[in-house]
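S.K.: How does the following fold in three dimensions:
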Amino acid sequence: MGRKTGIILLFALVLLAAPGCRNKFKEVSVTSFDLASVVPTGLRSFDAVVALGVHNPAPEFTLRNIRGTVRRDTTALFLLTVEDVPVQGHTDKVYQVPVHGTLSDGVTLLQMAVLLRSFNPDEYKVDVSARASLAAGVGKNLEYNAIPLSKFMKNL
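M.R.: Alright, predicted model coming up:
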């Protein structure tokens with residue numbers, strides 16, 4: 001087989017496989033999301049660990065630039081940051097994801113103490129954004145808004 005024929009055959013195989021790969025990415029899903037632990041790290045911050053279950057029938061990818069906000073009504077209370085999370089390909093796995101939270105500017109400890117006295121997790125919402133990307137850098141931006149905080153606190 002000549003070099004040209006080999007390149008054409010490889011190109012044809014890539015074209016045939018690409019739609020199947022793309023469909024597999026549509027099947028990726030979060031199977032569980034539990035707040036495993038929370039530890040205060042100062043007066044205005046905390047570290048937490050989230051147990052994130054992922055069903056991934058697709059190739060390996062990485063969640064990058066993960067940011068979140070915990071809010072009550074329209075007031076942002078905490079800003080959340082997460083390091084990149086590599087998600088293994090073709091697996092069902094629970095990842096232990098470290099999360100760092102900081103009290104938002106303009107929110108005081110006194111305000112938080114008042115809110116905690118009558119704490120109802122259904123009154124709080126979480127907004128999360130991230131980028132899912134392959135090793136080659138190709139990816140998709142993800143955004144989830146107004147997720148009830150109570151969904152994250154099932155096992156606490």
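
S.K.: contacts for the helix or strand where residue 132 lies?
M.R.: Following DSSP states H and E, one finds residue 132 within strand 124-133. With CB atoms under 8 Å, 6 or more residues apart in numbering as the test, strand 124-133 has contacts from 28, 61-72, 77, 80, 82, 139-149, 152. Quick note: C-beta positions are derived from backbone N, CA and C, even for glycine.

S.K.: hmm, 6 Å instead?
M.R.: Strand 124-133 is contacted by residues 61-72, 139-147, 149 when judged by CB atoms under 6 Å, 6 or more residues apart in numbering.

S.K.: In strands, which of those fall?
M.R.: If you go by DSSP state E, these have 61-72, 139-147 in strands.

S.K.: out of the residues you listed, which are buried?
M.R.: Buried members of those, counted by 16 or more other CB atoms under 10 Å: 61, 63, 66, 68-71, 139, 147.

S.K.: and of those residues, the nearest to residue 53?
M.R.: Comparing these against residue 53 with CB to CB places residue 63 closest, at 13.6 Å.

S.K.: Next one: the closest one from residue 76, what distance?
M.R.: From residue 63 across to residue 76, the span is 22 Å (CB to CB, to the nearest Å).

S.K.: circling back to that earlier point, out of the buried ones among the ones in strands among the contacts of strand 124-133, what pair is the most spread apart?
M.R.: 61 and 71 (28.2 Å).

S.K.: what is the orientation angle of the helix or strand where residue 113 lies with strand 61-72?
M.R.: If you go by DSSP H and E, residue 113 is part of helix 109-117. Inter-element angle recorded for helix 109-117 and strand 61-72: 90 degrees (by axes from the mean of the first three to the mean of the last three CA atoms, to 10 degrees).

S.K.: Name the residues of helix 109-117 that come out as buried.
M.R.: Residues residue 115 are the ones in helix 109-117 that count as buried (16+ other CB under 10 Å).

S.K.: now that helix: how far from the chain's centre is it?
M.R.: 27 Å (CA atoms, centre = their mean, to the nearest Å).
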